[in-house]
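> Sequence unavailable; structure follows:
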């Protein structure tokens with residue numbers, strides 16, 4: 001069983017930046033894909049970005065390409081989401097997600113993940 005703890009959320013003005021770290025424990029971190037998923041009020045949970053076990057392959061939702069960067073440090077059991085040029089439509093609860101036994105090499109949808117953190121709120125004001 002993996003435990004995921006996000007941090008780094010908060011309120012920022014449009015055009016600003018935030019960095020979300022997610023610390024993982026309870027399982028061999030380097031053996032599975034990781035990702036970030038977000039859920040805005042009244043909307044479904046959507047994938048934001050994903051990274052394979054080694055960090056060599058990444059996936060981004062079209063809405064964040066060129067603005068967000070996902071990375072991982074397997075020595076620190078941590079995955080990061082660097083968010084730049086934030087927009088009000090990026091406002092959501094952001095969840096760290098870990099792959100499970102059925103997770104593809106590089107997840108491309110929220111349902112691909114098997115475990116979730118508790119979430120951290122990101123609010124972007126105009």
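Thanks, I have it. Model, not experiment: these values are computed from the prediction.
> neighbours of the nearest residue to residue 96 once chain neighbours are set aside, just the number please.
Spatial nearest neighbour of residue 96, chain neighbours left out: residue 22 (3.4 Å); criterion: C-beta to C-beta, 6 or more residues apart in numbering. (Each C-beta comes from the backbone N, C-alpha and C, glycine too.) The local packing count at residue 22 equals 25, with neighbours defined by other C-beta atoms under 10 Å.
> got the contact list for whatever helix or strand residue 22 lives in?
Secondary-structure assignment from DSSP states H and E places residue 22 in strand 18-25. Identification of contacts with strand 18-25 by C-beta atoms under 8 Å, 6 or more residues apart in numbering yields 2-10, 12, 34, 36, 76-83, 86, 94, 96, 98, 117, 120, 122.
> and the residue positioned nearest the centre of the chain, what are its bridge partners?
Nearest to the geometric centre of the chain sits residue 36, at 1.8 Å (C-alpha atoms, centre = their mean). The partner list for residue 36 in beta bridges (DSSP bridges) reads residue 49, residue 96.
> quick one: contacts for it?
By C-beta under 8 Å, 6+ apart, the residues touching residue 36 are 20, 22, 47-50, 70, 79, 81, 94-97.
> Same question for residue 104.
Taking C-beta under 8 Å, 6+ apart, one finds 33, 112 in contact with residue 104.
> So in that sheet, which strands flank the worst-scoring helix or strand of the chain on mean pLDDT, and in what orientation?
Across the helices and strands of the chain, the lowest-confidence element by mean pLDDT, DSSP states H and E is strand 113-116, at a mean of 94. Partners of strand 113-116 in the sheet, by DSSP bridges, are strand 92-99 (antiparallel).
> For the strand it pairs with, buried residues please.
Along strand 92-99, the positions that meet the burial threshold by neighbour count (16 or more other C-beta atoms under 10 Å) are 92-99.
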